[in-house]
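Q: coordinates for the following, if possible.
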Amino acid sequence: MTGQPGRFGKTLIRMFMKQAQVTAVETLAGGFHLISLQSDAFRDVAWAPGQKVQVAMGSAFTARTFTPVDWNAISGRARIVGYAHGDGPGAQWLRGVMPGVPCDVFGPRASLDLSGVQGEPVVFGDETSMGLVYAVAQRFPHQKLHGILEVSHAARAGEVIARLALEGVEIHERLPEDAHFPAVERRFAALAATPASFVLTGKATSIQHASRALKALGVSRARMTSKAYWSPGKTGLD
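A: Predicted structure coming up:
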C-alpha cells in the first residue's frame with residue numbers, strides 16, 4: 001500500500017508530524033470509514049471545526065487530507081471520516097488501516113474559516129464533506145443545520161448520515177451533465193431568502209456552479225465561504 005520513508009523523510013516526519021495510533025476503525029457504509037486516532041501530542045491542542053489534518057501515506061511527501069469530526073484535547077483523541085474512492089494512496093489507506101496501526105499526522109491546520117458564519121449554516125458539498133457537516137453540527141449546536149450534498153450513491157450516503165445521527169442533511173444523487181443541480185438551486189433559492197450563511201465545499205466545479213447560482217439569487221460574497229477538496233484529474237487539493 002505505502003512504502004517506508006527514507007532518511008530525509010523520517011527526519012521531516014519527526015520534526016513536523018505528530019506520531020499517533022489508530023485505535024478504532026468503523027465502516028459506516030460503502031467507502032465511508034470512521035477512524036479514531038490517539039496521540040499524546042493531540043492533548044492541549046487547539047482545534048476548530050473546519051480545520052484539517054494531513055496523514056502521511058508512508059512518506060512525508062505523500063499525505064492525504066481529512067477534516068476531523070471532533071478533537072478531544074484532554075484525552076488526545078481525534079476522529080476523521082474518510083471516503084475511499086478510486087485506488088490512490090488515501091483510498092488504499094482507508095480500506096486497509098486497522099486498530100493498532102501507527103500513523104504520522106500533520107496539523108490541525110487552517111483550512112476552512114467558519115468564524116464568519118452568521119445565522120443558520122448551509123453546507124453544500126459531497127462525499128468528501130461528510131466530516132465537515134458533522135463538525136459544523138457540533139460547532140453550531142443551537143443553529144439549524146442545512147446540509148445539501150451531491151453524491152454518487154444516495155443510499156450509501158443516507159446510511160452514513162443515519163449512522164452519524166446527522167439531521168437536516170439532504171442528498172442529491174449526481175446525474176449526467178449536472179442534471180441534479182436544478183433541485184439544488186431550488187433549495188438555494190429558499191435558503192437565500194433567509195440570513196443563512198453558505199459553506200461551499202467538495203468538487204471544485206460544483207463549488208463554482210453553486211457560487212454562481214447563489215450570486216444570481218442575490219447572496220453576497222460575505223455570506224459565502226468556500227473550499228475545494230478535490231478536482232477531477234488533480235491531486236493536492238484539500
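Q: CA only for contacts and neighbour counts going forward, please
A: Will do.
Q: residue 167 and residue 141 touch, don't they?
A: No - look at residue 167 against residue 141 with CA atoms under 8 Å: they stay out of range, at 11.3 Å.
Q: may I see the buried residues of stretch 36-46?
A: 36-39, 42-43 (16 or more other CA atoms under 10 Å).
Q: helices or strands up against the longest strand anywhere in the chain?
A: Ordering each strand of the chain by length in residues (DSSP state E) puts strand 18-29 first. Under the contact definition 3 or more CA pairs under 8 Å, 6 or more residues apart in numbering; DSSP states H and E, strand 18-29 sits against strand 32-38, strand 102-109, helix 154-163.
Q: can you tell me the average pLDDT over that strand?
A: Averaging pLDDT along strand 18-29 gives 95.
Q: which outside residues touch that strand?
A: 33-42, 97-107, 156-157, 159-160, 163 (CA atoms under 8 Å, 6 or more residues apart in numbering).
Q: in PyMOL, select just the buried ones from these.
A: Filtering the contacts of strand 18-29 down to the buried ones (16+ other CA under 10 Å) takes a single PyMOL command:
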select buried, resi 33+34+35+36+37+38+39+42+97+98+102+103+104+105+106+107+156+157+160
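Q: ok so, going back, quick one: closest of the helices and strands packed on strand 18-29 to residue 64.
A: Evaluated over the helices and strands packed on strand 18-29, closeness to residue 64 peaks at strand 102-109, with 9.7 Å, by CA to CA.
Q: partners of that closest one in the sheet?
A: Strand 102-109 has the following strand partners under DSSP bridges: strand 18-29 (antiparallel), strand 52-59 (antiparallel).
Q: mean neighbour count, those strands: which tops it?
A: Mean neighbour count (mean count of other CA atoms under 10 Å) peaks for strand 52-59 among the strands paired with strand 102-109, with a mean of 21.
Q: neighbouring contacts of the next helix or strand along the chain from that strand?
A: Downstream of strand 52-59, the next assigned helix or strand under DSSP states H and E is strand 62-66. In this structure, residues lying in contact with strand 62-66 by CA under 8 Å, 6+ apart are 52-57, 80-82, 89-90, 238.
Q: could I get those as JSON lines with pLDDT and distance to residue 183?
A: Compiled in JSON lines, the contacts of strand 62-66 are given as follows (pLDDT from 0 to 100; distance: CA to CA, whole Å):
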{"residue": "52", "pLDDT": "93", "distance to residue 183": "30"}
{"residue": "53", "pLDDT": "95", "distance to residue 183": "33"}
{"residue": "54", "pLDDT": "94", "distance to residue 183": "34"}
{"residue": "55", "pLDDT": "95", "distance to residue 183": "36"}
{"residue": "56", "pLDDT": "92", "distance to residue 183": "38"}
{"residue": "57", "pLDDT": "86", "distance to residue 183": "38"}
{"residue": "80", "pLDDT": "96", "distance to residue 183": "30"}
{"residue": "81", "pLDDT": "94", "distance to residue 183": "27"}
{"residue": "82", "pLDDT": "93", "distance to residue 183": "27"}
{"residue": "89", "pLDDT": "90", "distance to residue 183": "34"}
{"residue": "90", "pLDDT": "90", "distance to residue 183": "32"}
{"residue": "238", "pLDDT": "62", "distance to residue 183": "27"}
